[in-house]
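K.L.:
Build me a structure from this.
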Amino acid sequence: MQGEKLDKKTQIVKTALRLFSEQGLQQTSMAQLSKESGVAVGTMYLHFKSKDELVEGLFLHIQEAFGKAIDLSDSEMKASYKDRFFILGRKVHHYYVNNPAHFFVVNTLNYSPYISKEITELGRTYYQQSVDLMAEGLENGSFQPINIVLLIRFIYNAVIALVQVQLKDNVEVTEHMIDQNIERIWKAIT
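P.N.:
Predicted structure coming up:
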C-alpha cells in the first residue's frame, strides 16, 4: 500500500511538472492534473491538500533533484577554491539544460508569491553545499564583501542567463562559452 501511495504521488508530481512547464501554473487545473495523471481527484487531495501545496511540493522536488545533481563529489571538493567554483557553475548550467521543465518551473516559482519564504529556505537546504561554498568564498577573501543572499542570486542569475540563451534562443552553447561565462562571473565578484 505504501508503494502505491508513492507511485500516485510521483505520478501527480511528474504530470504537474509537465503541465506547468507546457502551459503554465494558472492554466493548469486540478481536474486536468487528475485526468492527465490518471489519479482520481480525491486521491490527489490525499497527497496535496490544495493546488498551492502541490506547487510547493513540486518546487521542493525540483530543488532536491537540483541539489543532488550539483553537489560536488569528495574528489571535486579537494580541488582549489576557484576550480570548485567553476565545477559548480558548469553543473548548474548542465543540470538545467538537461532538465528544461525543471528550469522553467523553478524559475517561474522562484519569484512568485506561491512560494513562501519558509519553503524557499527549506528548498535551499537541498543545495546547502553550494551555499556553504559561497560562504567559504566570502570568508577566505576570494569574493568582495557582499550579503550572501545577494551573492548567490547574482551568481545564479548570471549562470542561468546562458541557460536561457541555450534553451529559449536556441543558441548552440559550447563548453568554452560556459567557462567564459563563469570566468566573467568570477571576475565580477572577486
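K.L.:
what bits of this structure have low per-residue confidence?
P.N.:
For the chain, residues meeting the criterion pLDDT under 70 lie at 1-6.
K.L.:
What residue spans form the domains of it?
P.N.:
The chain breaks down into these domains under automatic domain parsing: 1-49, 63-189.
K.L.:
roughly how far is the last one from the heart of the chain?
P.N.:
Spelled out, it's domain 63-189. Chain-centre distance of domain 63-189: 9 Å, with Cα atoms, centre = their mean, to the nearest Å.
K.L.:
Ok, the first one next?
P.N.:
Centre-to-centre, domain 1-49 and its host chain are 20 Å apart (Cα atoms, centre = their mean).
K.L.:
Out of the domains of the chain, which gets nearest to residue 57?
P.N.:
domain 1-49 (6.0 Å; Cβ to Cβ). Using the backbone N, CA and C atoms, a C-beta is placed for each residue, glycine as well.
K.L.:
who's in contact with the helix or strand containing residue 187?
P.N.:
In the assignment (DSSP states H and E), residue 187 maps to helix 175-189. For helix 175-189, contacts defined as Cβ atoms under 8 Å, 6 or more residues apart in numbering pick out 82, 85-86, 89-90, 93, 137, 143-144, 146, 151, 154-155, 158-159, 161-162.
K.L.:
Apply 6 Å and report the result again.
P.N.:
86, 89-90, 93, 143, 155, 158, 162 (Cβ atoms under 6 Å, 6 or more residues apart in numbering).
K.L.:
for stretch 108-117, same thing?
P.N.:
So stretch 108-117 is contacted by 55, 59 (Cβ under 6 Å, 6+ apart).
K.L.:
can you map out the helices along this protein?
P.N.:
2-23, 30-37, 41-47, 51-70, 74-77, 81-98, 100-109, 117-124, 128-139, 148-168, 175-189 (DSSP state H).
K.L.:
can you list those helices in CSV and add mean neighbour count?
P.N.:
Converted to CSV, these look like this (neighbours: other Cβ atoms under 10 Å):
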stretch, mean neighbour count
helix 2-23, 16
helix 30-37, 16
helix 41-47, 15
helix 51-70, 19
helix 74-77, 10
helix 81-98, 18
helix 100-109, 19
helix 117-124, 14
helix 128-139, 16
helix 148-168, 16
helix 175-189, 15
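K.L.:
surely residue 36 meets residue 15?
P.N.:
Yes. Taking Cβ atoms under 6 Å as the definition, residue 36 is a contact partner of residue 15 at 5.0 Å.
K.L.:
Starting from residue 162, give me the distance back to the nearest residue to residue 159 once chain neighbours are set aside.
P.N.:
Using Cβ to Cβ, 6 or more residues apart in numbering and skipping residues adjacent in sequence, the residue nearest residue 159 is residue 92, 5.0 Å away. In this view, residue 92 and residue 162 are 10 Å apart by Cβ to Cβ, to the nearest Å.
K.L.:
Tell me which of the domains of the chain lies nearest to residue 56.
P.N.:
Between the domains of the chain, domain 63-189 lies closest to residue 56; by Cβ to Cβ that is 5.0 Å.
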